[in-house]
Each structure stands twice: as structure tokens, then as C-alpha cells.
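Colleague: Sharing a sequence plus its predicted fold:
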Amino acid sequence: MKHGKKKTVKKSRQGSPKVTESIPLDLKDKPKGRKKSHQVTVDPIDETALGFSISLKDDHVKKRHSLRISVKGLKVFIPRLKKSFEVSDISPTGLGFKFEKPRIKGGVKLEMDIVLEGKKEAVGVLCKVMRHERGNVGCAFVELDRAQDDAVHKIVLIGQKQQAERKKAKKDAEFKIPT
């Protein structure tokens, strides 16, 4: 079937008829959907051409995965050390507790019970020591079961509420009536 030119008549605003030609389009040739993306490759930056470079020591470039919160009345009992220690901060991924001597090496796994205001919230929590510096031991939780994970998140939520109350109290104490 051949496509011919059709003549259509349109009336202009002034009343005189205007003749225009319309050409039918073959839509099969037109691409459908989005345009395909093209992969772009870039050469590495030439630091000598820039005139400067930045380098960081690898041991100091560690990203924290979660925000740490301090919780009043939170302690850990470590059966291996037969002692309870005050928790300095906790997050969903780990905790820090105050401990001076002897030094605990990084990579050591400790089993601990998390105690909030005298009540055991999580029992048998396995932690891996990540650091021990300036009287604080930083640990990352290892393979928490569902009950332990829920207990940790509950404690973090309590800590966030306490933090919000502290901020509100500080703001109220610093508030001055405008004169």
C-alpha cells in the first residue's frame, strides 16, 4: 500500500480556508523507549599535571558504619575476665567499654552479657576486639542471633531517647527570652 499525500483544509481565525499538506509517518523506523546509554571511560588523573597530590595512611582511613550512642546504666559482663565493665558507647554494629589493663589484642573474640540497669538484656553476645586504646576497647558484634539483635537495637533506641532528652535539656537551659 502506497502512502499518498493528503490535503486537509483548516480554517484560520480570520475565516478564510487554508490548505496544508500532511505526510504520514512510518513509525516502524522510529526507536521506542529510552535511548541506550553509552559507556564512558576516563583516564586516571595525572597528579603531576595537577601540581599536587593527596595521600592518606591506610590505617587511619576507616569508615564508621553506625552512629555510636552512650547509654546511662549500661554495662557488659565478660565471663572470661570475670568482671563487669561500663560501656562507653554502643551502636547496632558494636560497642566500646572502659578497660585499662591488661591490653587486649585486636582480633580476639570475647563472649559477653549486655546488662542495662542490673537486668541482663542480651546473653552470650560474641564480639571481636577491633581496637584497645586510651582505656577503651572497641568491639564489633559477630553473628548476633535474633534475640540478641533485638536487644541491641532496643538499647540503642533507649540511648537515642536519652540523647534527645539531654539535647532538649541543654537547649532549655541555654534559652534566653528575647528582650
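Modeller: Okay, I see it.
Colleague: Now do whichever strand or helix holds residue 130: everything it contacts.
Modeller: Assessed by DSSP states H and E, residue 130 sits inside strand 119-133. Under the contact criterion C-beta atoms under 8 Å, 6 or more residues apart in numbering, strand 119-133 has outside partners 77, 94-95, 99, 103-115, 137-144, 147-148, 151-152, 154-155. No exception for glycine: its C-beta is placed from N, CA and C like everyone else's.
Colleague: Kindly report the same for stretch 84-93.
Modeller: With C-beta under 8 Å, 6+ apart, stretch 84-93 has contacts from 65-71, 74-78, 95-99, 114-115, 136, 140-141, 152-153, 155-156, 159.
Colleague: Keep only those of those that are in helices.
Modeller: Among the contacts of stretch 84-93, DSSP state H puts 152-153, 155-156, 159 in helices.
Colleague: could you flag which of those residues are buried?
Modeller: Taking 16 or more other C-beta atoms under 10 Å as the criterion, what is buried in the ones in helices among the contacts of stretch 84-93 is 152, 155-156, 159.
Colleague: Show the buried residues in the contacts of stretch 84-93.
Modeller: For those, a neighbour count by 16+ other C-beta under 10 Å gives the buried set as 68-69, 71, 74-76, 78, 95-97, 99, 114-115, 141, 152, 155-156, 159.
Colleague: which ones among those are found in strands?
Modeller: 74-76, 78, 95-97, 114-115, 141 (DSSP state E).
Colleague: which one of the residues you listed is nearest residue 39?
Modeller: Ranked by distance to residue 39 (C-beta to C-beta), those are led by residue 141 at 39.9 Å.
Colleague: about what we covered before: format the buried ones among the ones in helices among the contacts of stretch 84-93 as a markdown table; extra columns: pLDDT and distance to residue 85.
Modeller: Converted to a markdown table, those look like this (pLDDT from 0 to 100; distance: C-beta to C-beta, whole Å):
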| residue | pLDDT | distance to residue 85 |
| --- | --- | --- |
| 152 | 89 | 17 |
| 155 | 89 | 15 |
| 156 | 89 | 18 |
| 159 | 89 | 17 |
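Colleague: Right, I'll leave it there.
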